[in-house]
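Enquirer: Give me coordinates for this.
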Amino acid sequence: MRIMGGNSFLLAAQSAATGTNDSKNILIKAFSGQSSLKSANLQQAARMLAEEIAAARTGYEMSGENTDLSLIWQRARDWGLDEQSKMATHARNIAVRASNEATLTDSQRKIMNKEISAMQAETTRIGLTNNIHGSHTLARFEETQEIEEIEQVVEVEENTITEIKPRIDVLWVVDRSGSMSDDIAHIKEDAQKMFQALEDKGYDVRMAIESFEMSLDSNGSTDFRSDAASFQADVDKVLGNIAGAIEKGLESINQAMFRFGDKFDPNATKVTVLLSDEYSDDFIATVGLAKTSQIQQGAEAEQFRQSVADALASAGSELYVVGINENAMPDKDYTDVIDKVGKGAAFNMDKQGAWVDKVTDNFIASVEKDIQEGKFQIVTTGNIISSSRELLGDWDMYFQAGPDTKDLIVERFKTNTAETSGLSKADASSAEKARDSIDIIDNALGFLNSNRIQVGVLKNNFTAINNNIASKSFIPQKPIALLTSVFNSYMDASYWETIWL
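Expert: Below you'll find the predicted structure:
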């Protein structure tokens with residue numbers, strides 16, 4: 001037997017909690033007009049009301065969690081669209097230059113066109129990999145795998161094991177703010193030195209580089225480089241623009257794992273090395289530029305550092321932090337993340353590149369440990385697995401925005417890759433094609449912008465829904481327990497009979 005609807009009894013119970021006669025009369029009023037109840041059933045009615053209030057409260061709390069998760073998903077989609085817009089904007093700048101400069105040769109334009117191709121590839125990669133808890137935010141696709149069985153004969157002498165060449169993947173995340181200007185030349189030299197030192201050990205070496213200031217830049221390596229010359233070219237390009245004053249190192253590590261986490265070789269020793277001469281500015285909203293080397297306190301800061309550690313652990317990467325300014329670094333927020341990961345180290349080094357030998361020795365120790373643990377041993381045959389993805393086009397996303405079935409919100413989203421936005425058609429290999437590509441890229445930017453507007457509206461709506469849910473989940477546990485006393489001690493059976501019978 002249902003006594004009353006959720007909103008009315010929530011308000012009535014809240015009023016009853018004050019303990020005044022007026023508030024209890026409000027509760028009585030809420031019951032008036034209901035089906036008659038015999039006095040013997042009043043205690044049962046009280047229990048039923050308490051259960052209904054508890055259920056409603058739980059429903060609103062769960063709805064709040066749902067809308068929180070929905071907002072996280074929407075923010076992730078917005079971030080991916082923003083990154084894709086940066087790729088398209090960079091491609092447009094190249095197309096404008098290729099179309100306007102009469103002094104360029106076709107061979108120079110072809111080089112510029114390769115950079116546009118890299119932007120197109122990165123746009124599609126973001127579209128296919130951007131996800132939250134496994135839910136892709138920019139595309140829906142079907143993935144198929146084909147397995148080809150291969151036979152590999154490995155001849156092993158008795159009591160011996162055949163070993164493959166150890167591999168190490170190194171991801172550099174470098175502060176390129178203005179204060180690093182005196183150090184960049186040394187870092188460029190250090191990159192070549194480290195690559196050579198690891199190759200001299202007989203390792204299969206791959207390296208990639210990303211730079212950061214307020215956030216991770218968009219002109220980093222598109223993949224790990226397996227030769228020193230290609231990596232050095234990336235280093236020279238990435239560290240060519242030194243400017244800025246805000247260094248959000250923790251956020252940049254998070255973003256670097258998002259971009260490169262699935263590019264690490266599963267069979268490699270995986271390391272990430274961050275170089276900076278300043279404390280982390282990730283908490284600038286809280287402490288401004290007054291950040292010291294001390295760890296930032298508070299549950300939110302702790303949760304953020306844990307999320308960075310989780311991203312590194314998910315990628316299987318160790319973390320090394322190098323403080324170029326030996327008097328300032330490393331920040332304890334960085335060392336706390338290293339402790340949470342359980343693999344890596346932090347160093348204070350001078351500005352003459354002395355850090356390379358120390359860090360390289362640590363890398364070598366990690367590889368040697370992996371060798372001892374059998375990571376690079378092969379004694380069996382295996383399969384070649386090839387996979388392909390087929391885009392499914394637009395799709396409906398279902399958001400449960402409240403405790404009832406009527407609170408379901410369905411939104412149709414578009415798939416965002418270089419192909420669906422039209423960016424894949426851009427071509428700067430000739431002046432004529434570059435001119436045509438300006439309109440092509442403008443259309444792609446319009447497509448991305450319309451998707452961002454959609455997400456912006458949705459985020460605003462869900463924020464309002466979340467605030468509304470929060471206002472309805474106000475009822476504490478105490479009024480639930482007080483309902484019984486409202487029935488038993490304040491109102492006797494004869495009083496109820498005068499109202500209902």
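Enquirer: give me the number of residues near the closest residue to A243 other than its chain neighbours?
Expert: The shortest distance from A243 to any residue other than its chain neighbours is 5.6 Å, reached at G178 (C-beta to C-beta, 6 or more residues apart in numbering). C-beta: built from backbone N, CA, C; applies to glycine. Applying other C-beta atoms under 10 Å, we find 10 residues neighbouring G178.
Enquirer: E278 versus G178, what's the distance?
Expert: 10 Å (C-beta to C-beta, to the nearest Å).
Enquirer: now do T272
Expert: Counting by C-beta to C-beta, the gap from T272 to E278 is 18 Å.
Enquirer: close enough to count as contact, the residue nearest to A243 and G244?
Expert: Yes: in this structure, G178 is within contact of G244 by C-beta atoms under 8 Å, at 6.0 Å.
Enquirer: What is the longest helix anywhere in the chain packed up against?
Expert: Criterion DSSP state H: the longest helix present in the chain is helix 42-100. Applying 3 or more C-beta pairs under 8 Å, 6 or more residues apart in numbering; DSSP states H and E, one finds that helix 42-100 contacts helix 6-16, helix 106-129, strand 131-132, strand 395-400, helix 431-472, helix 477-485.
Enquirer: for the stretch 201-350 of the chain, what spans make up the helices?
Expert: Here the stretch 201-350 of the chain has its helices, by DSSP state H, counting those that start in this stretch, at 228-238, 249-260, 284-287, 299-315, 332-341.
Enquirer: Most tightly packed of these?
Expert: Of the helices of the stretch 201-350 of the chain, the one with the most neighbours on average (mean count of other C-beta atoms under 10 Å) is helix 249-260, at a mean of 23.
Enquirer: Would you mind getting the angle between that helix and helix 42-100?
Expert: 80 degrees (axes from the mean of the first three to the mean of the last three C-alpha atoms, to 10 degrees).
Enquirer: So which residues make contact with helix 249-260?
Expert: 129-130, 171, 173, 175, 208, 210, 212, 215-216, 220, 224, 272, 274, 276, 280-282, 304-305, 307-308, 311-312, 314-315, 317, 319, 321, 331, 333-334, 337 (C-beta atoms under 8 Å, 6 or more residues apart in numbering).
Enquirer: Just want the angle from that helix to helix 299-315.
Expert: Using the same axes, to 10 degrees: helix 249-260 against helix 299-315 is 30 degrees.
Enquirer: what about the helices of the stretch 201-350 of the chain, which gets the closest to F141?
Expert: Counting by C-beta to C-beta, F141 lies closest to helix 249-260 out of the helices of the stretch 201-350 of the chain; the figure is 18.5 Å.
Enquirer: Could you give the average pLDDT over that closest one?
Expert: Here helix 249-260 scores 89 as its mean pLDDT.
Enquirer: follow-up on the earlier one: comparing the helices of the stretch 201-350 of the chain, which yields the minimum mean pLDDT?
Expert: Of all the helices of the stretch 201-350 of the chain, helix 284-287 has the smallest average pLDDT, which comes to a mean of 65.
Enquirer: per-domain residue ranges of the protein.
Expert: 1-146+388-501, 162-372 (automatic domain parsing).
Enquirer: rank the ones you listed by pLDDT, which is bottom?
Expert: Minimum mean pLDDT among those: domain 1-146+388-501, a mean of 72.
Enquirer: residues contacting the closest residue to K248 other than its chain neighbours?
Expert: In space, and not counting its chain neighbours, K248 is closest to D282: 4.9 Å by C-beta to C-beta, 6+ apart. Residues near D282 by C-beta under 8 Å, 6+ apart: K248, G249, L250, E251, Q296, F304, D333.
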